[in-house]
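J.: dropping a prediction and its sequence here:
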Amino acid sequence: MSIFSQRGLSTVRTASALLFISSLVFFVPARTSSPPCDYEYDIEYMSWEEFRAPVQATEAKPFNFIGNMLVNDDLVVLTEPSKGIHLINNVDRNSPEKTAFIPVHGVDQAAMRGDMLFTRSHVDLIVIDLSEPAQAVEAGRLENLFYYNSSPTLEDPDKSIPIDTDPELGVVKNYTIRYSNCYRERNYGSGGGCMGAGADGGSAATNNPAPQHRIQQGSLASMIIVDDYLYVISNSQIKTVSLSEPTAPTLINSTTVNWNMETLYHHQGAIYVGTRLGVYILDLSTPEDPQLAGSFEHPWRCDPVVVDGNVAYSTLRGGESCGGFNSQLDILDVTDISNPQLITSVEMSEPYGLAIDDDTLLVADGYRGLKRLNVEDPANPVLLSGLSDHNVRDVIILDNQQAILQGISSIIQVDFGQTDVIEVLSVLEN
């Protein structure tokens, strides 16, 4: 592990090196804008050898922030950005239990096919065998699928990698920018994004060829699996990865859409892409080469989407990095995927993810909790009872009119079988 410092001065000064127990410091020139401030990057690197050491399960640990979740039968998988993956035994929904924790450098999205978990690890896609969750081990890796400079630092998912970095030195763990002439020191981050930190049916269920597993993803997913292909957002592209050999995934195509993509959802041979500028629809007639079929544009907002039949439901969240102030639910007619049409809009407070099951639409409305709507008539949705005791970011509908809700640092399981009340079955925190 090495620490490299890069200092900007009005004139180039002689570089100096300081050797510590496991660190090396040197300086190269750079400069801030007016008013003049000399600054210094302290960049901490992890070697490629350490970064690519095979991952394996360890004992269960607390989770401080949930990025995304998916459900595989009675197993709940939670990603904690930059930390790793939490595995939850959900055989008893009234009393779920933590099973294991898998440390993964730069972890982000995850998807499953059978017993194999696919997840992003900074620039790589790794495959983890979860056939025995407590003994989970790495089973494969596709190196350099994602761009180095577009990845966050390993220790802080909200911090983008500085431009002046050297991939030859390894992966950026963290960095500090010091403004020595301005008499202040602070860490710089890139700010929060819209993705969770997410298929048909209930929630984003993958079209998985292994019938013995029922795999469902939340609507904030930006990585999904359809048959033998994995699709994942990477900058302005959706990358298509062949899973014909699951432990040896292979990149076969990259489709350029736009720079504002956030979520992916599969429904009836099409991928619905939630972006900050609208809903884009890709035709999967040729699954190895998705083609843009149509789009529905809206003002700059954060935007996951789910689909049922010929109707799509898209939440638009305003504020902060999402832009604007208004938040709403858009209901779209997607009978013709080349020409989606707005049916109606419903005002929301802070909508994130959502899930649809028959005539019931569940919306994770942030600090306002869970909202339930009857959408038997999509043009006239009816708001039913909700749940306001939890900050809800995403939702997956299970069987028997039950659902699992993703909180900021908790999962809440509920029964929504009664029209006038939503019953909390359990809450698993930290």
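T.: Now that the structure is in, tell me what you want to look at. Everything quoted here is computed from the prediction, not taken from an experiment. Residues are numbered from 1 along each chain as shown.
J.: going forward, measure contacts and count neighbours with C-alpha atoms only.
T.: OK.
J.: scan the helices and strands of the protein for the one with the lowest mean pLDDT.
T.: Least confident helix or strand, the chain: strand 18-19 with a mean of 31, by mean pLDDT, DSSP states H and E.
J.: go ahead and confirm Glu350 touches Leu370.
T.: No - using C-alpha atoms under 8 Å, Glu350 makes no contact with Leu370, being 10.5 Å away.
J.: joint contacts of those two?
T.: Any residue near both Glu350 and Leu370 by C-alpha atoms under 8 Å, 6 or more residues apart in numbering counts here, and not one turns up.
J.: OK, contacts around Gln328?
T.: By C-alpha under 8 Å, 6+ apart, Gln328 lies in contact with Thr315, Leu316, Arg317, Ser345, Val346, Glu347, Met348, Ser349, Pro351.
J.: just the residues you listed: which has the poorest pLDDT?
T.: In this model, the minimum pLDDT among the contacts of Gln328 belongs to Arg317 (81).
J.: count of neighbours near that one?
T.: Arg317 has 29 neighbours, counted by other C-alpha atoms under 10 Å.
J.: just Ile281 next, same as before
T.: 27.
J.: tell me which helix or strand comes right after the helix or strand hosting it.
T.: For Ile281, the element it lies in under DSSP states H and E is strand 278-283. Sequence-wise, the next helix or strand downstream of strand 278-283 (DSSP H and E) is strand 291-297.
J.: hey, C-alpha coordinates of that next one in PDB?
T.: The C-alpha trace of strand 291-297 is given here as PDB (Å, rounded to 0.1, in the frame of the first residue of the first chain):
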ATOM      1  CA  GLN A 291     -30.900  -1.300 -29.800                       C
ATOM      2  CA  LEU A 292     -32.600   1.900 -28.700                       C
ATOM      3  CA  ALA A 293     -36.300   1.700 -29.600                       C
ATOM      4  CA  GLY A 294     -37.900   4.800 -28.000                       C
ATOM      5  CA  SER A 295     -37.800   7.200 -25.100                       C
ATOM      6  CA  PHE A 296     -40.000   9.500 -23.000                       C
ATOM      7  CA  GLU A 297     -38.200  12.600 -21.900                       C
END
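J.: partners of it, with directions?
T.: Sheet pairing here is set by DSSP bridges, and for strand 291-297 it gives strand 278-283 (antiparallel).
J.: so what touches the partner strand?
T.: 269-274, 290-300, 303, 305, 314, 337-338.
J.: and the strand holding Ile281, how far out from the chain middle?
T.: With C-alpha atoms, centre = their mean, to the nearest Å as the basis, strand 278-283 stands 18 Å off its chain's centre.
J.: now stretch 412-421
T.: Here the centre of stretch 412-421 is set off from its chain's centre by 26 Å, with C-alpha atoms, centre = their mean.
J.: repeat for stretch 251-262
T.: 15 Å.
J.: can you give me the buried ones in that stretch?
T.: Residues Leu251, Ser254, Thr255, Val257, Asn260, Met261, Glu262 are the ones in stretch 251-262 that count as buried (16 or more other C-alpha atoms under 10 Å).
J.: tell me which of those fall in strands.
T.: Judged by DSSP state E, strands contain the following of those: Leu251, Ser254, Thr255, Met261, Glu262.
J.: isn't the last one right up against Gly274?
T.: Yes - in terms of C-alpha under 8 Å, Glu262 counts as a neighbour of Gly274; the distance is 5.6 Å.
J.: which residues touch Tyr272?
T.: Leu264, Tyr265, His266, Val279, Tyr280, Ile281, Leu282, Val305, Val306.
J.: elements contacting the helix or strand hosting Asp108?
T.: Element membership for Asp108, per DSSP H and E: strand 107-113. Helices and strands touching strand 107-113, by 3 or more C-alpha pairs under 8 Å, 6 or more residues apart in numbering; DSSP states H and E, are strand 68-72, strand 75-80, strand 116-121, strand 215-217, strand 223-226.
J.: if we go to 10 Å?
T.: For strand 107-113, the contact count by 3 or more C-alpha pairs under 10 Å, 6 or more residues apart in numbering; DSSP states H and E identifies strand 68-72, strand 75-80, strand 84-89, strand 116-121, strand 124-129, strand 215-217, strand 223-226, strand 229-234 as packing neighbours.
J.: still on that earlier bit, make CSV from the contacts of Tyr272 and add pLDDT and distance to Gly106 to it.
T.: Converted to CSV, those look like this (pLDDT from 0 to 100; distance: C-alpha to C-alpha, whole Å):
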residue, pLDDT, distance to Gly106
Leu264, 95, 20
Tyr265, 96, 23
His266, 96, 26
Val279, 89, 28
Tyr280, 92, 28
Ile281, 94, 29
Leu282, 96, 28
Val305, 90, 26
Val306, 93, 27
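J.: counting neighbours, what do you get for Ser327?
T.: Using other C-alpha under 10 Å, Ser327 is surrounded by 23 other residues.
J.: re earlier: pLDDT added to the buried residues of stretch 251-262, as JSON lines?
T.: Below are these laid out as JSON lines (pLDDT from 0 to 100):
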{"residue": "Leu251", "pLDDT": "98"}
{"residue": "Ser254", "pLDDT": "96"}
{"residue": "Thr255", "pLDDT": "94"}
{"residue": "Val257", "pLDDT": "90"}
{"residue": "Asn260", "pLDDT": "83"}
{"residue": "Met261", "pLDDT": "89"}
{"residue": "Glu262", "pLDDT": "88"}
